[in-house]
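In: The following block contains a protein sequence and its predicted model.
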Amino acid sequence: MRRTPTRRYRTVTRSADLFRSFLVEQTEPERFYTDLANDTIELITRHEPLDGRLVLDVGAGSEQFGREFVTRGARYVAIDLERDALNPGPSNGAVVGRGEQIPIADGSVDIVMANNVMEHVSTPGVLGDEMVRVVRPGGLVFISYTAWSSPWGGHETSPWHWFGGDYAAQRYERKHGRPPKNIFGESMHATTVAGGLRWARNHPEAWLIEAAPRYHPDWADGVLSLPGIREVLTWNLMMVLRRT
């Protein structure tokens with residue numbers, strides 16, 4: 001069932017609230033991941049209801065997502081490459097597997113999502129194709145990822161990634177006495193806004209129904225039409241597609 005958003009959600013207040021939550025990610029993970037899960041739910045349900053839907057969360061690792069999605073009536077299954085990272089919560093499903101080779105049958109889920117995963121795989125287009133494959137015709141694909149050239153593109157090595165991923169990693173290790181969690185070229189890659197939009201707009205089995213700088217108010221959507229500038233200002237690209 002196709003839905004058209006009927007109310008404004010991406011406001012300045014919502015952006016400010018998410019930013020404050022982001023600042024306590026390390027000290028208050030329960031608050032941060034619950035807020036992020038609820039924000040994801042709001043963005044998805046503007047296009048598709050959750051009640052009774054089977055949701056596949058690619059690259060999942062936070063129990064708050066499973067809990068909040070089930071509270072809203074969804075059936076939730078998490079998939080991640082590392083067994084230790086899977087913590088979907090009680091009564092929820094979990095699958096060990098690669099996002100680029102999802103071990104799930106074609107067209108078997110209603111909604112598939114990937115939050116901040118694309119920047120951690122070397123072939124994000126392959127992961128995206130797999131997400132389209134496993135969702136049923138008419139189902140929803142939700143993708144959100146951090147662009148490399150944005151202020152947080154290097155994650156914990158930011159903003160030094162602007163001088164190169166290797167340099168940023170080496171500087172981090174010198175300062176902290178240990179390598180960063182996200183290793184450039186191995187577990188973190190230089191994703192672009194242009195590449196994501198090109199993949200979504202040209203996919204033969206899905207159409208793009210919404211693209212936006214995720215954490216910005218809706219009046220900032222025009223930044224996506226500015227080549228070059230969008231790579232820095234978008235920060236996190238959100239794309240919602242529907243399977244044909």
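Out: Alright, I've got the coordinates.
In: Next, give phi and psi for the nearest residue to His216 once chain neighbours are set aside.
Out: Of all residues not flanking His216 in the chain, Ser15 sits nearest, at 6.2 Å (C-beta to C-beta, 6 or more residues apart in numbering). In short, each C-beta sits where N, CA and C put it, glycine included. When read as degrees, to the nearest 10, the backbone of Ser15 gives phi -60, psi -40.
In: Isn't Ser15 up against Tyr215?
Out: Yes: judged on C-beta atoms under 8 Å, Ser15 makes contact with Tyr215 at a distance of 5.8 Å.
In: pull the longest helix from this protein.
Out: In the chain, with assignment by DSSP state H, the single longest helix is helix 29-45.
In: so what does that one touch, helix or strand wise?
Out: Contacts defined by 3 or more C-beta pairs under 8 Å, 6 or more residues apart in numbering; DSSP states H and E place helix 29-45 against helix 12-22, helix 63-71, strand 109-115, strand 135-146, strand 236-243.
In: which of the ones you listed sits most buried?
Out: Among these, judged by mean count of other C-beta atoms under 10 Å, the one packed with the most neighbours on average is strand 109-115 (a mean of 24).
In: which strands and helices sit next to the helix or strand of the chain with the lowest mean pLDDT?
Out: Lowest on mean pLDDT, DSSP states H and E among the helices and strands of the chain sits strand 93-96, with a mean of 78. Under the contact definition 3+ C-beta pairs under 8 Å, 6+ apart, strand 93-96 sits against strand 75-80.
In: now the strand it packs on against helix 63-71, angle please.
Out: Angle, strand 75-80 to helix 63-71, by axes from the mean of the first three to the mean of the last three C-alpha atoms, to 10 degrees: 160 degrees.
In: helices or strands next to strand 75-80 in the packing?
Out: strand 54-58, helix 63-71, strand 93-96.
In: tell me how far that strand is from the chain's mean position?
Out: Relative to its chain's centre, strand 75-80 lies at 14 Å (C-alpha atoms, centre = their mean, to the nearest Å).
In: And Glu63, how close does it get to Asp57?
Out: 11 Å (C-beta to C-beta, to the nearest Å).
In: Quick one: residues in contact with stretch 31-43.
Out: The list of residues contacting stretch 31-43 from outside it, by C-beta atoms under 8 Å, 6 or more residues apart in numbering, reads 9, 14, 17-18, 21-22, 24-25, 50, 62, 64-65, 67-69, 72, 113, 115, 142, 144, 214, 238, 240.
In: Swap in 7 Å and give it another go.
Out: The contact list for stretch 31-43 (C-beta atoms under 7 Å, 6 or more residues apart in numbering) reads 9, 18, 21-22, 24-25, 50, 62, 64-65, 68-69, 72, 113, 115, 238.
In: Restricting to C-alpha, output stretch 119-128 in CSV.
Out: Once non-C-alpha atoms are left out, stretch 119-128 reads as follows in CSV (Å, rounded to 0.1, in the frame of the first residue of the first chain):
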residue,chain,number,x,y,z
GLU,A,119,29.7,3.5,4.5
HIS,A,120,31.0,0.2,6.1
VAL,A,121,30.9,-2.0,3.0
SER,A,122,33.1,-1.7,-0.1
THR,A,123,30.2,-2.3,-2.6
PRO,A,124,27.2,-0.4,-1.3
GLY,A,125,25.4,-0.8,-4.6
VAL,A,126,25.6,-4.6,-4.2
LEU,A,127,24.1,-4.3,-0.7
GLY,A,128,21.4,-2.1,-2.1
